[in-house]
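Asker: Next come a sequence and a model predicted from it.
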Protein chains: 4
Amino acid sequence: MSEQLTAGVVGGSGFTGGELLRLLDGHPNFEVAQATSRSYERKTVGHVHPNLRHLDLRFTSPADLESVDVLFTATPHGVSMEHIDAFQDAADTVVDLSADFRLSEETQYDEWYDGHICPEYLEKSEYALPELNRENLPGADLIAAGGCNATATILGLKPLFDADILSGDEQVVVDVKVGSSEGGAGASKASSHAERSGIVRPYAPTGHRHEAEIEEYLGLSVSFTVHAVDMVRGAAATCHVFPDGPVSKGDMWKAFRGSYGDEPFMRTVAGGGGVYRYPEPKSVAGTNFGEVGFEIDPTNRRLVVFSAIDNMMKGSAGQAVHAANIALGLEETAGLDFTGYHPIGSP
Amino acid sequence: MSEQLTAGVVGGSGFTGGELLRLLDGHPNFEVAQATSRSYERKTVGHVHPNLRHLDLRFTSPADLESVDVLFTATPHGVSMEHIDAFQDAADTVVDLSADFRLSEETQYDEWYDGHICPEYLEKSEYALPELNRENLPGADLIAAGGCNATATILGLKPLFDADILSGDEQVVVDVKVGSSEGGAGASKASSHAERSGIVRPYAPTGHRHEAEIEEYLGLSVSFTVHAVDMVRGAAATCHVFPDGPVSKGDMWKAFRGSYGDEPFMRTVAGGGGVYRYPEPKSVAGTNFGEVGFEIDPTNRRLVVFSAIDNMMKGSAGQAVHAANIALGLEETAGLDFTGYHPIGSP
Amino acid sequence: MSEQLTAGVVGGSGFTGGELLRLLDGHPNFEVAQATSRSYERKTVGHVHPNLRHLDLRFTSPADLESVDVLFTATPHGVSMEHIDAFQDAADTVVDLSADFRLSEETQYDEWYDGHICPEYLEKSEYALPELNRENLPGADLIAAGGCNATATILGLKPLFDADILSGDEQVVVDVKVGSSEGGAGASKASSHAERSGIVRPYAPTGHRHEAEIEEYLGLSVSFTVHAVDMVRGAAATCHVFPDGPVSKGDMWKAFRGSYGDEPFMRTVAGGGGVYRYPEPKSVAGTNFGEVGFEIDPTNRRLVVFSAIDNMMKGSAGQAVHAANIALGLEETAGLDFTGYHPIGSP
Amino acid sequence: MSEQLTAGVVGGSGFTGGELLRLLDGHPNFEVAQATSRSYERKTVGHVHPNLRHLDLRFTSPADLESVDVLFTATPHGVSMEHIDAFQDAADTVVDLSADFRLSEETQYDEWYDGHICPEYLEKSEYALPELNRENLPGADLIAAGGCNATATILGLKPLFDADILSGDEQVVVDVKVGSSEGGAGASKASSHAERSGIVRPYAPTGHRHEAEIEEYLGLSVSFTVHAVDMVRGAAATCHVFPDGPVSKGDMWKAFRGSYGDEPFMRTVAGGGGVYRYPEPKSVAGTNFGEVGFEIDPTNRRLVVFSAIDNMMKGSAGQAVHAANIALGLEETAGLDFTGYHPIGSP
């Protein structure tokens, strides 16, 4: 018989909060004990997340935190660090989805963010991107789920490090395309339907904070640019890689099979015909799957690596549940082993 | 221990064929033994349906039909009637997703379609729209899953018949909005991305064939118009109803609760605040849920009834699996009890 | 030599304000002397409207109104009535794009809106929908441009009144589909990209205020429902009309040709093959054209009339400039005689 | 008094053919004498291009070519070279929109395309990208309008060459995002609405033929990758440039102002606040404007240059008319000096 654990979600009315609630509701080992929201206290979760109308659950105040086995905190950056003690009092295992505990060094944090109020937790927390470091997660009490764009990039490039195609000194340009959900559930002129439909908009030309995660966990300084395009969920990273020596298609297949052959959520897609020949956010929408693939440019000795994830799932809520599964000794794929659908209008 | 049955899908490379494969793959009682496709013989199902890349299954020729417990036939209209004997030889239970066996009388069929080649099956087959007639389905050997736009309309109006608000003589205008998947997986100039994006296009101003189903199973002749709008999946029926006498909001709630209070897949959504106050295809995308709701126009003694389904699911593959579950004595919701996600770019 | 007049725009940073600026910039007879905006004072118009980056014009405060020949006021409903005296002091001809002066009777206004503070202007102002009443406009000093959804509906149904197919007592259901620009340039959760993409959302099931205009100017009480769909600009009205007697296709063509044969901006589109067989917002996007068309439903003695406009143009800014042209004795089509483009992603 | 010339369009039913017809219809110096189409012979141009319904013009067979002053040929690649003699017999000035005459050397052509049947024309023809080489165009009798993705890239990078920031030996990665109109008006499974909506799809990971134009006319070998995204028209090139030495923001502004300060169709957009801070296809949709902008990445000594055009206009039909204007001694901006509109759903 499977283990039953209680779970709480702080920040349950945001987009990633909603995805956490969906995943936990369908998870064989978790029961949602509480979902907090400052803005929607006492409203049903279905009021905000119409897909969850069947749930008999109302948002409560974050001030009234209940004790649970695992607490997922999906708050804006900077909020978790203010409440980390309360979170850890409430649960033995805290999985934070913000950027507050992703980096391990205070100097790094300060360089990319605004100053940390409890830097001692930076070292104690475990960064979670299971395909990269699942061995660190069992028993962890504070887990920082990797950021969406960093996750897409790291997943694409990791096999090249595993196979010694990259060592970290090479030139790598990462051109990312993301959906509107990365901006969160708030309303702004820039994210209004009329202004945001049909765009290809440079939204972080340089200096995107996820570079810091890539640098720390992959050991690579990348040239990183993020564009907003017309989809709601999805992060697609195109990595233009300039290796030192020649790399063959066989080398690449070997690298990707070596790194991801046994990974339950990774799919390598590279050519093969048909409409869907490379990774696409559309192919993984709503799921915890990640797709990676590649092509080789003989002229320039360039490798082009493609990586596509659902930023709300593999890049956030799915990654968090995946990490919690590992931390708590559950089946890794529990609650995440479902398939997306096709066709979909827009992810 | 749950019963294990084998299932086959004829027409597995189409859109509804893909959805059948997704549902059967996740169904606790079915194992997919075969998926046929004339165009993609020997290709993997993942070649056509990128969401199903993890499936180790290749399309076979429809000429090589295997014996299975249940056969789902998702072929263009007119094909099933040609092969119905072979289908019935292959499986004790055949669930057809085309229009070939939906009507029960040959004269009706001939009026709306082109002449039936095996009209004796019209009477023998069972129309399946479980919320309307689940009592007919147990043990049925030939089931015709209801059409998408008819299903949306019937689900919206049924409570008004159940509650005697409508008797069948009233004026009802049904204005339907549908996504591009209703046109199937084929390519045409009208359905190309450049020509079809952003449209509000009258595509069946009058004479849509689903009127025949509504007339037979609801006993109502409707004024029916279908528009294509910019989504891939979804059918939203707005029913403008002119009842004989006054109808209160309480009457309507009573009617909808009476008809659907115990239905596992039906949700009544009528006001209540927030962004999602009425049925929307976006709220049920990818699932077998149907949403219905209403508003009352005091000035004109008009009721406005809204109904939204995913045409590929509740309006096709989901309905077919739901019907098969009932026909075979399985749990009604088996393989269909999952939740969609939110937000989604476009259903 | 053409006459040169000065024009001002109050509310220039909104969507219709931007369209006014575009039209006036390209107009042979107008020079933009001023554009006001409370929120963007001193910013260039290109800051808000990227299509107008070439204009050397900055927003000024609405408190500093300059004297111009014609003043276009594109403010939220309720604002114009507060400032009407200042507007009329500033210009001999005021064209208001809000609903403040569209109705002619105070009782009607109060029934649909919130109480008028200067009801004496209701009678004095001229409603402008040139195809309906251009004869009222020459020399008018206060013009109220017709509302977008009312315009679409009136344009569709007018020929039936002109040809005595309708007298005003018949049952007419109008099911409208509109884009997100109808909600204006403000930001809200409901209009955010993530929540609004891919929708078919009942947003005014009953009681839409434009019913009042239709009732006053067409003499018809309609059953009116508005849906939001995934486009930015466009209003498509489908009118389900139940005439007293039989109406032939020839009758309809005669009616539409009779009413619109000489209209410079009206196109009747009804069948004929190809992809674009009926009116579509996509076919008129960005222009002052209106498309109307029809189909006849023999079974129910129903006529289905389609009407499509760009709500920002024919339904607002274009209509206002068209009316100003007539009021001031200019060429009717001046500044409006350009063609949209095809294909377009989404209007 | 303005000069009046006759113009013909070969391939008038394609997307760029339609845009040519729109531009020529609104052009003060051209009268459209003929538009040919094999597929739509004798149909009105409005049958295919609903925006042109007001034109009294029917497609004729390409076999019946009339003599005109200027002939625009918008045929698929490989067709123009077969008919070039007939084209030149029909008009003193031929502007070809295909790739057939863009490169000047046969060896280059053969490397990127399939073998040229009249290579003597490669040298004789003039490549047209007016901002790059308008001095070559006056009096030219065979003009090859530059390709869309090459145009976007060249426009973005040209100022860096003009200002000696680049010499041609540097590393430049160009990551392009394009709309569905680049695939033309034909129907295919990959370009169907259901399969193409909401995508970020690598469609030319390496080896895109426009690299050849960039190499010839800019003297730069680029690492080039093209993605299809959810818009119909638009090409956005993000150029990741690694100059040899440090480059300041002032250097960049000086470079862009120097190259484009007097260009009638170029706008430099780089920061400045508001929603539209960088070039976007949405800001130039339907027009001949090109937007360029940049940002500097201090960490990596990288420059990020953004360039956005409407691939059908500045990248094709607009560029062709612009070139014809110059070739024929007309006003450069004639017929092209109109403004796009805002907001637009999707370009």
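Answerer: Cool, got the structure.
Asker: Would you mind listing where the stretch 1-150 of chain A has pLDDT under the threshold?
Answerer: Segments of the stretch 1-150 of chain A classed as low confidence (criterion: pLDDT under 70) are A:1-2.
Asker: And for the closest residue to chain D within it, the neighbour number?
Answerer: Of all residues in the stretch 1-150 of chain A, A:Glu111 sits closest to chain D, at 10.5 Å by Cβ to the nearest Cβ. C-beta here means a position set from N, CA and C on the backbone, and glycine is covered the same way. Residues within reach of A:Glu111, counting by other Cβ atoms under 10 Å in any protein chain shown, total 11.
Asker: go on, A:His77?
Answerer: A:His77: 15 neighbours (other Cβ under 10 Å).
Asker: A:Gln34 contacts A:Leu65, doesn't it?
Answerer: Yes - the pair A:Gln34 and A:Leu65 passes the contact test of Cβ atoms under 8 Å, sitting 7.4 Å apart.
Asker: more crowded one of the two?
Answerer: A:Gln34 (22 against 19).
Asker: and the more buried one, bridged to which residues?
Answerer: A:Gly8 (DSSP bridges).
Asker: Please report the distance of it from C:Cys148.
Answerer: Remark: distance between A:Gln34 and C:Cys148 (Cβ to Cβ, to the nearest Å) = 46 Å.
Asker: Quick one: name the residues of the stretch 151-300 of chain A near chain C.
Answerer: Listed as neighbours of chain C in the stretch 151-300 of chain A under the rule Cβ under 8 Å from any Cβ of the partner chain: A:179-181, A:185-189, A:191-194, A:196-198, A:230, A:232.
Asker: Any of the residues you listed buried? List them.
Answerer: Buried members of these, scored by 16 or more other Cβ atoms under 10 Å in any protein chain shown, are A:179-181, A:185, A:187, A:191-194, A:196-198, A:230, A:232.
Asker: Can you tell me the closest non-neighbouring residue to A:Thr287?
Answerer: Spatial nearest neighbour of A:Thr287, chain neighbours left out: A:Gly340 (4.4 Å); criterion: Cβ to Cβ, 6 or more residues apart in numbering or on different chains.
Asker: residues contacting A:Thr153?
Answerer: For A:Thr153, the contact set (Cβ atoms under 8 Å, 6 or more residues apart in numbering or on different chains) comprises A:Val174, A:Val176, A:His210, A:Ile214, A:Leu218, A:Val222, A:Phe224, A:Ala237, A:Cys239, A:Ser307.
Asker: Now it: closest residue in space, sequence neighbours ignored.
Answerer: A:Thr153 sits nearest to A:Ala237 (Cβ to Cβ, 6+ apart), 4.7 Å away.
Asker: Identify the bridge partners of that neighbour.
Answerer: Counting by DSSP bridges, A:Ala237 forms beta bridges with A:Val176, A:Ser307.
Asker: Please list all residues in contact with it.
Answerer: Counting by Cβ under 8 Å, 6+ apart, A:Ala237 makes contact with A:Asn149, A:Ala152, A:Thr153, A:Gly156, A:Val174, A:Asp175, A:Val176, A:Val305, A:Phe306, A:Ser307, A:Ala308.
Asker: Then A:Thr287?
Answerer: A:Thr287 makes contact with A:Asp310, A:Met313, A:Lys314, A:Gly318, A:Leu336, A:Phe338, A:Thr339, A:Gly340, B:Asn51 under the criterion Cβ under 8 Å, 6+ apart.
Asker: In strands only, show me those.
Answerer: Among the contacts of A:Thr287, none falls in strands (DSSP state E).
Asker: Which of these fall in helices?
Answerer: Residues of the contacts of A:Thr287 located in helices (DSSP state H): A:Gly318.
Asker: can you put the contacts of A:Thr287 in a markdown table and add neighbour count?
Answerer: Formatted as a markdown table, these follow (neighbours: other Cβ atoms under 10 Å in any protein chain shown):
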| residue | neighbour count |
| --- | --- |
| A:Asp310 | 32 |
| A:Met313 | 31 |
| A:Lys314 | 31 |
| A:Gly318 | 29 |
| A:Leu336 | 23 |
| A:Phe338 | 18 |
| A:Thr339 | 20 |
| A:Gly340 | 23 |
| B:Asn51 | 27 |
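Asker: Reformat the contacts of A:Thr287 as TSV; add distance to D:Gly46.
Answerer: Listed next are these as TSV, based on distance: Cβ to Cβ, whole Å:
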residue	distance to D:Gly46
A:Asp310	43
A:Met313	46
A:Lys314	48
A:Gly318	50
A:Leu336	52
A:Phe338	48
A:Thr339	45
A:Gly340	41
B:Asn51	40
